[in-house]
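Asker: Fold the following.
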Amino acid sequence: MPHFVDKLPNFPATAGEAIGTCQLVAISNVDGLAYLACAGAGIEELPALGVAETAVPVGGMVEVKHRGQVDLANGLWPGDLVYTSNTAGAISLTAGDTSQSVGFAISQTQWVICIEQIVAQTAVSSSSSSSSSSSSSTSTPT
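Answerer: Just a heads-up that it's a prediction; the model follows:
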């Protein structure tokens, strides 16, 4: 019988580069390793999947938090959205080249992880066109 097995808000990943405590982490779809997340356009673009719980060297095992609270921030205001920055591993109060919110501030120094998933533009385009075509064939009673 299927059941929910996630009792801890972390998952382990092997670091493909040095990762610092509380830096945003992405998993490469090329080699499956953890790298610093980045919203920069082009080759450095890697959407965040979570936050590193501790610092690890290249090849180390990083615990990636995808839920929870982060206490290492400054200059926040409660309610601020927190985004993946164009600077690898960092957060920003403004969206980067690829807009991805990763949480919201609950105090001036703390934020809650709430990762927005990035959807490929082609998938969005094809699903919206199919939903509009199916809705046009639906009639409403008068």
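Asker: Show me where this protein has its helices.
Answerer: For the chain, the helices identified by DSSP state H occupy 121-136, in order along the chain.
Asker: Go ahead and confirm Leu84 touches Cys38.
Answerer: In this structure residue 84 is Thr, not Leu. Yes. Here Thr84 lies in contact with Cys38, judged by C-beta atoms under 8 Å, at a distance of 7.0 Å. (C-beta placed from N, C-alpha, C; glycine too.)
Asker: Not counting sequence-adjacent ones, nearest residue to the residue nearest to the spatial centre of the chain?
Answerer: Averaging the C-alpha coordinates of the chain gives a centre point, and the residue nearest to it by C-alpha atoms, centre = their mean is Ala48 (3.2 Å). With C-beta to C-beta, 6 or more residues apart in numbering as the criterion, Ala48 has its nearest non-adjacent residue at 3.6 Å, and that residue is Ala37.
Asker: again with Val64
Answerer: In space, not counting the residues next to it along the chain, Val64 is nearest to Gly50; the distance is 3.8 Å by C-beta to C-beta, 6+ apart.
Asker: Was I right to think Ile106 contacts Gly68?
Answerer: No. Assessed by C-beta under 8 Å, Ile106 is found out of contact with Gly68, at 11.7 Å.
Asker: pLDDT weak spots in this protein?
Answerer: Judged by pLDDT under 70, the chain has its weakly predicted residues at 1-8, 119-142.
Asker: can you pull the contacts of the residue nearest to Val64?
Answerer: 10-11, 24-25, 64-66, 113, 115 (C-beta atoms under 8 Å, 6 or more residues apart in numbering).
Asker: run the last query once more with 6 Å
Answerer: With C-beta atoms under 6 Å, 6 or more residues apart in numbering as the criterion, the residues that contact Gly50 are 25, 64-66.
Asker: wait, which of those residues is closest to Ala55?
Answerer: Val25 (11.6 Å; C-beta to C-beta).
Asker: Next one: that closest one relative to Ser107, how far apart?
Answerer: Noted for Val25: a distance of 23 Å to Ser107, by C-beta to C-beta, to the nearest Å.
Asker: Over to Lys65?
Answerer: As defined by C-beta to C-beta, Lys65 lies at a distance of 18 Å from Ser107.
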